[in-house]
Every structure is written in C-alpha cells, then in structure tokens.
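1. Sequence first, then the predicted structure:
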Amino acid sequence: MENDITHDDSDRSLQLIFPTVIDRYMIPNADRVNRGLVEALVALRRETPNARLDGYSSDVYTTFGVEDRLYERADFAPIGDWMRECFAAHAVRMDYALSPQGVRLTECWVNVYEKGFAHELHTHPNNILSGVYYVKAPVGCSELRFHAPHAFSMMQQRKRVDSELNLLSHAVQPREGEFIIFNSAVKHNVPPNAVDAERIIIAANALL
Ligand SMILES: [Fe+2]
C-alpha cells in the first residue's frame, strides 16, 4: 500500500512550554554601592575564615554555612533589602502569590573566585528563588551557566547546528551591579575564572 500521508508547515504547530526564566536587575548607582560593598567585604573576610568544607570540590572563598545571613549585618542590610525588592518584583511578574510574611531571605553569603576558581553544577534545595549579585565582574570573568532539566540524560542527540530549540545550556555574562534571579531548582554552575582579577558575588536564596 502506498503511503500518501504528507504534511507541510501549515499543518503543524510548535509550542514552547515551561520556560526557564532568568530575570536580571541592575542596581541604581552601581559604582557607589559596589565601592561600599568592597569595603564591607574586606572587613568581613578579615573576621571570617573560608567556610569551604573539606571535600567540597569548588575552589572559592565562601561564607556559606558560617556567615550566611549577611542581611543581618548593618553594612549588608541595604543590599539585602534591595534583593528582597527584586525578588518581590520577580514574584509579581511570575504571578506568584506571596505569603503574608512576604519575601524571606533564607541565606545570603559571599563567594570570591580567584583565577581558576569554579563552582560545580548545583541547585538550591528548599528554596523558591535564588539570585546572584555581582560586586566584581571583571572583563573576561567566568559566566553563570544555566542548564536545561533534560540535559542530564543518558542519550543525547548530536546536533546539526545549535538553536533555541535544542539548547541544553545557556551562559549569562554578568555585569557589575547586576542581580540575576532564577528558580532555585534550575541547575547552574560557574566555569573556571579565566582572569587574574577577583570575581566577587553575593548570593541569596528566598522563600515567598
Ligand atoms: Fe548557586
């Protein structure tokens, strides 16, 4: 029997579902804010040894687990407040319902990437939103790379060309003064920092 089933593009529809939303905010007066934060970080690093755990494969200076409620410190409270505002604006844009308590930062900490330092692929469990603020993002520093949920399967098809439809990861090149918000379940990593200058971030996780 002959197969007479044919189609052309007018017979098909293509739907994009479950978008991975990356929401980027630029702080007003970034230079002035970051000068103040760099001063605050000098004091913080003087009194806070690297909290990186033994066996932790990522090379960073971090305050995670030791000094991870930075919004409670007077010198970091303003950036904490601004992060909360950004998370709230993002929640509105996403049509999320806020709890009566509003945005609660669960953790807020510092990571410093020297040359060659990277961060393994990870998510932030037990949170709704995560965000990264860039105090120092020197030219050529490593990007923040996001990964599709279906990128981690045993089989991957070879591609003729990269396109929006077959993308498995996407890199965002950060700018100083920028806060990048995403769903806490989105896998992300930081490749090795290629430049001599430090790449300094303040990260935060939030519940709504
Ligand atoms: Fe992260």
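-> The structure has been received and is ready for your questions.
2. Return the residues in contact with the spatially closest residue to Leu168 that is not a sequence neighbour.
-> Counting by Cβ to Cβ, 6 or more residues apart in numbering, Leu168 lies nearest to Ala151, which is 4.0 Å off, once chain neighbours are set aside. Backbone N, C-alpha and C define where each C-beta goes, glycine included. Residues in contact with Ala151 (Cβ atoms under 8 Å, 6 or more residues apart in numbering) are 168-169, 187.
3. just those now: which is nearest Leu121?
-> Lys187 (5.5 Å; Cβ to Cβ).
4. Tell me how far Asp59 lies from Asn50.
-> Distance, Asp59 to Asn50, using Cβ to Cβ, to the nearest Å: 10 Å.
5. same deal with Ala171?
-> 27 Å.
6. Over to Phe179?
-> Distance from Phe179 to Asn50, by Cβ to Cβ: 24 Å.
7. So if I had to pick from those two, which one is more boxed in?
-> Phe179 (24 against 12; other Cβ atoms under 10 Å).
8. hmm, back to that, among the contacts of Ala151, which one lies nearest to Met83?
-> Lys187 (21.5 Å).
9. ok, the closest one touching Glu120?
-> No - at 10.2 Å, Lys187 does not count as touching Glu120 under the criterion of Cβ atoms under 8 Å.
10. Of these two, give the one with the bigger neighbour count.
-> Lys187 (16 against 10).
11. in the sheet, who's paired with that one?
-> His147 (DSSP bridges).
12. contacting residues around it?
-> So Lys187 contacts 121-123, 146-147, 149, 151-152 (Cβ under 8 Å, 6+ apart).
13. Understood, closing this out.
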